[in-house]
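*Asks:* Below are the sequence and a predicted model; questions follow.
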Amino acid sequence: MIHLSFSIAICLFITITTGLIFLIWIFYTHTNYDNITYQTNELSQCPYCTYTFLNYQKGQIQLCPRCHCLIDKNILNKEKDT
Ligand SMILES: [Zn+2]
């Protein structure tokens, strides 16, 4: 039978818990890296406050992170063309 003192048991519990959290973080970061780089290809500028931001949002209507104005994606595309 293995004898464990209370302090060693607490130490093992904290080590194993921290290791599991670290492994989950590595797995989450590794699996989502390709999706993040794919989604950040589009750089947008708000036509109202001229704030430039990476556009992570999908859909026709975008939200400016600074002034929280709703921006139609067609307006963003027209300003990029001109
Ligand atoms: Zn804005």
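*Replies:* It's in.
*Asks:* ranges for the strands of the chain?
*Replies:* 43-45, 52-54, 61-63, 70-72 (DSSP state E).
*Asks:* Spell out which parts of this protein neighbour the ion.
*Replies:* 46, 48-49, 51, 64, 66-67 (C-beta under 5 Å from the ion). C-beta: built from backbone N, CA, C; applies to glycine.
*Asks:* Name the member of the residues you listed with the most neighbours.
*Replies:* residue 46 (20 neighbours; other C-beta atoms under 10 Å).
*Asks:* Find the nearest non-adjacent residue to that one, please.
*Replies:* Nearest residue to residue 46 in three dimensions, chain neighbours excluded: residue 64, at 4.1 Å (C-beta to C-beta, 6 or more residues apart in numbering).
*Asks:* picking that back up, could the residues of the chain next to the ion go into a markdown table alongside pLDDT?
*Replies:* Shown next, in a markdown table, are these (pLDDT from 0 to 100):
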| residue | pLDDT |
| --- | --- |
| 46 | 89 |
| 48 | 91 |
| 49 | 93 |
| 51 | 92 |
| 64 | 90 |
| 66 | 93 |
| 67 | 94 |
